[in-house]
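Q: The sequence isn't on hand, but the structure is:
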């Protein structure tokens, strides 16, 4: 059975539990049933239920329910309310606090954050890189499918853990996802393969399903920007250009998203090789409310039924259009600080590597520890790793990309 996208109208509690259940635990539960071991089955089921409930309490899954009556309007169930609910009826999709009957929630519908009616509230103020890491890679369903995929095919760790678009090849994600190949896999069923499937041995079905779930969440994230529910603001690489990224960019085939940096990049028409294939256009993109989006939580049933996106004038492949200056936001100022730290870290690493191009003098862990002290609170480990990779590429100090402790010089 192939991947079935999460319903836009949400799932019941039992369905959400099944979709996010750890596949190893599910397998152990099935084995216990085969050996007729009721105690073992109950233990596994309790662990699966506890994991799903933890997702709800921590906001990795979002739920709405009708409080007290099936005739009541659906309302968001907060993390505090989940912590107070002591009686969970998974099959009936309801929950209650046994001490307060009026606090019961009926007809509960569960959503991944990107599909939740309040997705604008969840995304606004985050960087695009944070949104990708938390709500695409970190989506509970994607994450549990990904663990099984990596267990069966370890090379897919590049996609599901490091966030690359391909196991081998370009790591940036295309914004025109309808016209691009992402996370190339080979379906085990020949009848279900497309002309775009990769060559070679077929991948396990679990890998194909995990890849489809990951792509589903990524497409939702980019579609939110296309519809103008949120707008992307970044630090433009070219001085004088607008911080606001035109809506048309999010569907333009010349543009890409760097998941490891949060940058928006453009194809370089004057590229001379793989090293300069892309040009950075906006750095450290932040998601912010647009003038057309509601300031309050969106009503149910209207999550994916907005007007089609209006296509602004496209950027040329050689230059970014000039735009009227816009007022600087606090979020963009915060990103500027982080970007400055990352660029300074990159320059610092290049200096160290240039002095000893063919021999590492520090481990990656030692460099990260020093970088944390130099740019405390303004440099994440993800930014450090991106800066380290860029420094290795720029200085061609490929010895610095190896793992383990540095080799000691011969005496």
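A: Perfect, thanks for sending it. Owing to the predicted nature of the structure, the values given are computational and were not obtained by experimental measurement. Numbers count the residues shown, from 1 in each chain.
Q: which residues of the stretch 201-350 of the chain score low on pLDDT?
A: Scanning the stretch 201-350 of the chain for pLDDT under 70 picks out the ranges 292-337.
Q: residue contacts, residue 147?
A: 22, 23, 160 (Cβ atoms under 8 Å, 6 or more residues apart in numbering). C-beta: built from backbone N, CA, C; applies to glycine.
Q: can you check residue 142 too?
A: Counted by Cβ under 8 Å, 6+ apart, residue 142 has contacts 136, 160, 210, 213, 214, 217.
Q: What of residue 218?
A: 132, 136, 173, 177, 182.
Q: ditto for residue 126
A: Contacts for residue 126 (Cβ under 8 Å, 6+ apart) come out as 134, 286, 287.
Q: With residue 356 instead?
A: Here residue 356 is in contact with residue 397 (Cβ under 8 Å, 6+ apart).
Q: Let me know the pLDDT of it.
A: pLDDT recorded at residue 356 is 90.
Q: Could you pull out the strands in the stretch 151-300 of the chain for me?
A: Assigned by DSSP state E, counting those that start in this stretch, the stretch 151-300 of the chain shows strands spanning 173-174, 230-236, 255-258, 263-267, 278-289.
Q: Which one, of those, ends up nearest to residue 39?
A: Nearest to residue 39, of all those, is strand 173-174, at 45.8 Å by Cβ to Cβ.
Q: my guess is residue 83 contacts residue 57, does it?
A: Yes - counting by Cβ atoms under 8 Å, residue 83 does reach residue 57; the two are 5.9 Å apart.
Q: ok, the two, which is more surrounded?
A: Set side by side, residue 83 and residue 57 show more neighbours around residue 57, with 16 against 12, by other Cβ atoms under 10 Å.
Q: so what's that one up against?
A: By Cβ under 8 Å, 6+ apart, residue 57 lies in contact with 79, 82, 83.
Q: Point me to the helix or strand that includes the last one.
A: In this structure, residue 83 is located in helix 79-84 according to DSSP states H and E.
Q: packing partners for the helix or strand following that helix?
A: Remark: after helix 79-84, the chain's next helix or strand is strand 87-89, criterion DSSP H and E. Packing partners of strand 87-89 (3 or more Cβ pairs under 8 Å, 6 or more residues apart in numbering; DSSP states H and E): strand 94-97.
Q: How far off centre is the strand it packs on?
A: How far strand 94-97 lies from its chain's middle: 31 Å, per Cα atoms, centre = their mean, to the nearest Å.
Q: circling back to that earlier point, save the contacts of residue 218 as a markdown table, and put in neighbour count, pLDDT and distance to residue 205 too.
A: Output for the contacts of residue 218, formatted as a markdown table (neighbours: other Cβ atoms under 10 Å; pLDDT from 0 to 100; distance: Cβ to Cβ, whole Å):
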| residue | neighbour count | pLDDT | distance to residue 205 |
| --- | --- | --- | --- |
| 132 | 23 | 97 | 25 |
| 136 | 25 | 97 | 21 |
| 173 | 24 | 96 | 24 |
| 177 | 19 | 93 | 22 |
| 182 | 17 | 91 | 18 |
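Q: Quick one: those as TSV, columns for distance to residue 388 too.
A: Converted to TSV, these look like this (distance: Cβ to Cβ, whole Å):
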residue	distance to residue 388
132	20
136	23
173	21
177	28
182	25
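Q: how close does residue 275 sit to residue 390?
A: 11 Å (Cβ to Cβ, to the nearest Å).
Q: Which one's more surrounded, those two?
A: Using other Cβ under 10 Å, the more surrounded residue of residue 275 and residue 390 is residue 390, with 18 against 10.
Q: The more buried one - that's part of a helix, no?
A: Yes - assessed by DSSP: H, G, I helix; E, B strand; the rest coil, residue 390 belongs to a helix.
Q: start the count at 22, not 1, going forward
A: Right, with 22 as the first residue, what we last looked at is residue 411.
Q: how near is it to residue 63?
A: Distance from residue 411 to residue 63, by Cβ to Cβ: 51 Å.
Q: in this protein, which spans are helices?
A: Secondary structure of the chain, counting by DSSP state H: helices at 34-41, 44-55, 59-79, 100-105, 140-144, 149-153, 161-173, 178-181, 226-247, 351-376, 385-395, 402-416.
Q: In CSV, list these along with distance to residue 288.
A: As requested, these are exported to CSV (distance: least, Cβ to Cβ, whole Å):
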stretch, distance to residue 288
helix 34-41, 37
helix 44-55, 38
helix 59-79, 38
helix 100-105, 43
helix 140-144, 27
helix 149-153, 19
helix 161-173, 28
helix 178-181, 22
helix 226-247, 17
helix 351-376, 22
helix 385-395, 31
helix 402-416, 18
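Q: now, of the ones you listed, which is deepest in the fold?
A: Of the helices of the chain, the one with the most neighbours on average (mean count of other Cβ atoms under 10 Å) is helix 149-153, at a mean of 23.
Q: tell me what that helix is packed against?
A: Against helix 149-153 (3+ Cβ pairs under 8 Å, 6+ apart) you get helix 226-247, strand 299-310.
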